[in-house]
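**Q** the following comprises the amino acid sequence and a computationally predicted model.
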Amino acid sequence: MSASFTRVVLSDLDDTLFDHAHATHAALSELRAKTPAFAAWSLDELMRRHGVVLEHLHLEVLAGRLPLETARVERFRRLLEAADADRPSAHASDAARRYRQAYEQAWQPVAGAIAFLQSVTHAGATVVVITNNLVKEQQDKLVRCGLSGLVAALVASEEVGVQKPDVRIFGAALARVKAKAATAVMLGDAWATDIEGARAAGVRAVWLNRFGATRPDPSVQELRSLEPADEAVRVVLGRQACDRV
């Protein structure tokens, strides 16, 4: 094996291997149908507003400034208030519970993720999930989606103490499997955290652009899907590595 062989795939989890977008869409669709205040918004508008509030509160949770369960209830209190719901504080807990139940029921891997990881492993590379989230939440997703046995390690911001795009979390992920940046690649859907973070850490990056956004930098390789697996592996590991699949 040459020194330049890509032997480690650092991969984001949410919306890269785990289909967070699908689970969110399903849960909000069900919640909207049963919550009169949300019916005044289109599903797209509810998803947009939900995404903004979720991102803000998620950062508060990761920073240790807000307990997870408190943040989940507060998310829906803010949404209900914005929707002019009657007594939003009184109904936020129930909305959070119903959303979470529907969200978990809709958990599934991104299309092609299992075959892709199997092919990466067969090619001789090691997969490390690197994620801005809580350890247990991400472990549960890996197990429930049938991904855990295909991942060598999970590196979460909760345990490292820093978040992507901080180069230290990429360093921690590489150290976990005793690898160097030159032998690794980062696969992720979030440009600012996954792609820019990896490049700052000296790791080659591949952008998973499932929803057809404009690529900020054409020099970065792009995948629109993890299917077919052999094509995704060719891009992620490189042509030389693909010969081993």
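**A** Right, received. Where do you want to start?
**Q** only C-alpha atoms for contact and neighbour calcs from this point on.
**A** Will do.
**Q** what values do phi and psi take at the residue with the largest distance to the centre of the chain?
**A** In the chain, the residue that sits farthest from the middle, by C-alpha atoms, centre = their mean, is residue 86; the gap is 33.9 Å. When quoted as degrees, to the nearest 10, the phi and psi of residue 86 stand at phi -70, psi 130.
**Q** state the distance from it to residue 78.
**A** Note on residue 86: its distance to residue 78, by C-alpha to C-alpha, to the nearest Å, is 12 Å.
**Q** how is the protein partitioned into domains?
**A** With domains defined by automatic domain parsing, the chain comprises 8-19+108-242, 21-105.
**Q** now do the end-to-end distance for the last one.
**A** Between the opening and closing residues of domain 21-105 lies a distance of 13 Å (C-alpha to C-alpha).
**Q** chain center to it: distance?
**A** Remark: domain 21-105 is offset 18 Å from the chain centroid, using C-alpha atoms, centre = their mean, to the nearest Å.
**Q** need the winner for burial among the domains of the chain.
**A** Stretch with highest mean neighbour count among these: domain 8-19+108-242 (a mean of 19; mean count of other C-alpha atoms under 10 Å).
**Q** how about stretch 72-79 as CSV, C-alpha atoms only?
**A** Extracted C-alpha coordinates of stretch 72-79, given in CSV (Å, rounded to 0.1, in the frame of the first residue of the first chain):
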residue,chain,number,x,y,z
ARG,A,72,-36.5,20.0,22.7
VAL,A,73,-39.5,21.5,24.5
GLU,A,74,-38.2,25.1,23.9
ARG,A,75,-37.9,24.4,20.2
PHE,A,76,-41.6,23.8,19.9
ARG,A,77,-42.6,26.5,22.4
ARG,A,78,-40.9,29.0,20.1
LEU,A,79,-42.6,27.5,17.0
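**Q** and the longest helix along the chain, average pLDDT?
**A** If you go by DSSP state H, the chain has its longest helix at helix 43-62. Helix 43-62 comes out with an average pLDDT of 96.
**Q** just checking, what packs against it?
**A** Here helix 43-62 is seen to pack against helix 20-34, helix 68-82 when contacts are counted using 3 or more C-alpha pairs under 8 Å, 6 or more residues apart in numbering; DSSP states H and E.
**Q** who touches the closest residue to residue 125 other than its chain neighbours in this structure?
**A** Spatial nearest neighbour of residue 125, excluding adjacent residues (C-alpha to C-alpha, 6 or more residues apart in numbering): residue 7 at 4.3 Å. By C-alpha atoms under 8 Å, 6 or more residues apart in numbering, residue 7 lies in contact with 124-126, 183-184, 237.
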